[in-house]
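**Student:** Next one to model:
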Amino acid sequence: MTEFLRTEKLVKTPGTALHRQLFLVLREQITRGVYGPGAMLPNEDELCAHFGVSKITVRRALSDLKQQELIERQQGRGTFVSTRLPQAHPFEAVGFLDALKMRGRETQVRVLELRREVPPGAVALQMRMRSNEEAVYAARLRHVGDTPLIVTEAWVPLALGASVTVEELERRPLYELLLAQGVVFDRVVEEITAVLANPVYAKLLRTEVGAPLLRVTRLVYDTEGEPVEHLTLHVSPDRSRMLLSLQPKELEQGISSRIVHDPLLP
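**Tutor:** Residues are numbered from 1 along each chain as shown. Purely as a prediction, here's the structure:
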C-alpha cells in the first residue's frame, strides 16, 4: 500500500469523473510495475479511505481495469493484477543500427501509404530541401500479432526513395533499403515529446482520442553531413518506452540529450 499512499486524494473537476481519475491512477501503477503480475491490490475499503471516494467509484474503476484485462477479481480473496501481463524488461539499450534490426525482427509491418509529394515546411527545412521539392513519404504501422505498437512516418530524398515499392517495404525495413543504395548512416538527432492522440493515431494505435502518446522525431545524416531520412514515430506509453544508450567516450565528449523549451507556446 505504500506506493498508493504517495498519491493525493482525488478532486472532482469538470470533465473528469472520479472513477476515471482512479482508473488512470491504478492503471499507471500497474503498467509501471509497482504491482507486478499476480500481485494483490489494496481492498475496496483501503482505496476508499485513501483516495476519499465512495465504493461505487472504486467499483467502477476496478470494473474498467477488469474490462481491459489488467486485473482479476477473485471472490472471497481480493483483486489481483492479471498474470497475463508481460514481465518488466531489463533496463538496457543497444546501438542505433542494432535497435533498428531488433525492431524489424520483433515486429511485423503494414504499409499504410507510399507516395511522393512536397513535404511540410518543417520537414523540408530540416531536410534542407528547396521550395516545392518533392520527397518520398512512407507511413507504416508496426505491430506484434494483433497489437499495434508504432506508427512510423518517414520522408527521404527523392533520389533515394523513388525506386522504393510497397512490396519492398513489406519485406524489408526502410533503413535496409537505404543501406542497399550505399547510404552510410552517421549522426542522428532525436526530439522526444508528448502529444495527444488525434483521431487518426487513436484509431491506428487503438487508444482514445486525446490519450497521451510519445512522439519521437528523428533526423538521420550520412557521412557527408546530408540529411537522408526524417522519421516520426508515435507510440502509446502504455505499451512502449524509450531507452537512451551512451558510451563512456560519448559522455566524456559531452554528447548527451537536452531539453529544448518553447516558453512562448501555450
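**Student:** Name the SS class of residue 140, please.
**Tutor:** Three-state assignment for residue 140 (DSSP: H, G, I helix; E, B strand; the rest coil): strand.
**Student:** should've said residue 9
**Tutor:** At residue 9 the chain is in coil, as set by three-state DSSP.
**Student:** if I look at it, how far off is residue 149?
**Tutor:** 35 Å (C-beta to C-beta, to the nearest Å). To be clear about C-beta, it is placed using only N, CA and C from the backbone, and glycine gets the same treatment.
**Student:** Compare those two and say which is more crowded by neighbours.
**Tutor:** Counted by other C-beta atoms under 10 Å, residue 9 and residue 149 do not tie: residue 149 has more neighbours, with 18 against 9.
**Student:** show me the contacts for the more buried one.
**Tutor:** Residue 149 is in contact with 107, 142-143, 205, 235-236, 239-240, counting by C-beta atoms under 8 Å, 6 or more residues apart in numbering.
**Student:** Run through who's touching stretch 67-87.
**Tutor:** Stretch 67-87 is contacted by residues 27, 30-31, 35-41, 43, 62, 65-66 when judged by C-beta under 8 Å, 6+ apart.
**Student:** for stretch 218-228, that is, sorry about that
**Tutor:** Among residues not part of stretch 218-228, those counted as contacts by C-beta under 8 Å, 6+ apart are 126-128, 156-157, 160, 178, 183-191, 229-233.
**Student:** Mind listing what's buried along the helix or strand in which residue 109 is found?
**Tutor:** In the assignment (DSSP states H and E), residue 109 maps to strand 108-117. For strand 108-117, a neighbour-count test (16 or more other C-beta atoms under 10 Å) marks 109, 114 as buried.
**Student:** Now tell me what touches it from outside.
**Tutor:** Contacts with strand 108-117, where a contact means C-beta under 8 Å, 6+ apart, come from 134-145, 151, 158, 161-162, 164-166, 169-170, 173, 204.
**Student:** picking up where we left off before, buried only: go through the contacts of stretch 67-87 for me.
**Tutor:** Buried by 16+ other C-beta under 10 Å: 27, 30, 35, 41, 62, 65, out of the contacts of stretch 67-87.
**Student:** Next, format these as TSV and append distance to residue 212 and secondary structure.
**Tutor:** Output for the buried ones among the contacts of stretch 67-87, formatted as TSV (distance: C-beta to C-beta, whole Å; DSSP: H, G, I helix; E, B strand; the rest coil):
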residue	distance to residue 212	secondary structure
27	12	helix
30	16	helix
35	21	coil
41	23	coil
62	22	helix
65	18	helix
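**Student:** got those residues as CSV, with pLDDT and distance to residue 195 columns?
**Tutor:** Shown next, in CSV, are the buried ones among the contacts of stretch 67-87 (pLDDT from 0 to 100; distance: C-beta to C-beta, whole Å):
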residue, pLDDT, distance to residue 195
27, 85, 19
30, 82, 23
35, 79, 28
41, 90, 31
62, 93, 29
65, 90, 25
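**Student:** Just send those back as CSV, with distance to residue 76 too.
**Tutor:** Shown next, in CSV, are those (distance: C-beta to C-beta, whole Å):
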residue, distance to residue 76
27, 25
30, 22
35, 20
41, 15
62, 16
65, 19
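**Student:** follow-up on the earlier one: what's the farthest-apart pair in the contacts of stretch 67-87?
**Tutor:** Using C-beta to C-beta, the two most remote members of the contacts of stretch 67-87 are 31 and 43, lying 20.9 Å apart.
**Student:** which other helices and strands contact the following helix or strand past the strand holding residue 109?
**Tutor:** Downstream of strand 108-117, the next assigned helix or strand under DSSP H and E is helix 121-126. Counting contacts by 3 or more C-beta pairs under 8 Å, 6 or more residues apart in numbering; DSSP states H and E, helix 121-126 is packed against strand 227-235.
**Student:** can you tell me how far residue 9 sits from residue 48?
**Tutor:** From residue 9 to residue 48 the distance is 11 Å (C-beta to C-beta).
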